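Participant: Sequence unavailable; structure follows:
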Ligand SMILES: [Zn+2]
């Protein structure tokens, strides 16, 4: 599994509220530094809205959505946290 796929899986699990504790914290920290994952998460959020309109959008954090909106086409590559 590539590095990218690993984080894509985490993105999907995050959207399903399947990340907890340290793993959740680590993923959130990664999102802070990785425009690629934020873009990926935003894309999955949009898809989720289309596919599951009847379902509340879990804990989709406002801070993340506003950050993603502010980025608009920025860095689309992975960054490994320092
Ligand atoms: Zn990433």
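Facilitator: Thanks, I have it. For clarity, every value in this text was computed on a predicted model and none was experimentally measured. Numbering: from 1, shown residues only.

Participant: where does the chain dip in pLDDT?
Facilitator: In the predicted model of the chain, residues 1, 3-4, 52-61, 63-65, 67-82 satisfy pLDDT under 70.

Participant: What are the boundaries of the helices in it?
Facilitator: 3-15, 21-33, 35-51, 62-71 (DSSP state H).

Participant: To the ion, which of those helices lies closest?
Facilitator: For the ion, the closest of these is helix 35-51, at 3.4 Å, according to Cβ to the ion. (Each C-beta comes from the backbone N, C-alpha and C, glycine too.)

Participant: name the helices or strands packed onto that closest one?
Facilitator: The contact analysis (3 or more Cβ pairs under 8 Å, 6 or more residues apart in numbering; DSSP states H and E) places helix 35-51 against helix 3-15, helix 21-33, helix 62-71.

Participant: Would you mark the buried spots in the second one?
Facilitator: Read that as helix 21-33. Going by neighbour count (16 or more other Cβ atoms under 10 Å), the buried part of helix 21-33 is 27, 30-31.

Participant: Of these, which is the nearest to residue 46?
Facilitator: Distance to residue 46, by Cβ to Cβ, is smallest for residue 31 among the buried residues of helix 21-33, at 16.2 Å.

Participant: Would you mind confirming that the closest one is in contact with residue 39?
Facilitator: No: with contact defined as Cβ atoms under 8 Å, residue 31 does not reach residue 39; the gap is 10.4 Å.

Participant: What is the neighbour count of residue 45?
Facilitator: Per other Cβ atoms under 10 Å, the neighbour tally for residue 45 reads 18.

Participant: Roughly how far does it sit from residue 2?
Facilitator: For residue 45, the distance to residue 2 equals 22 Å [Cβ to Cβ, to the nearest Å].

Participant: do residue 47 as well
Facilitator: 21 Å.
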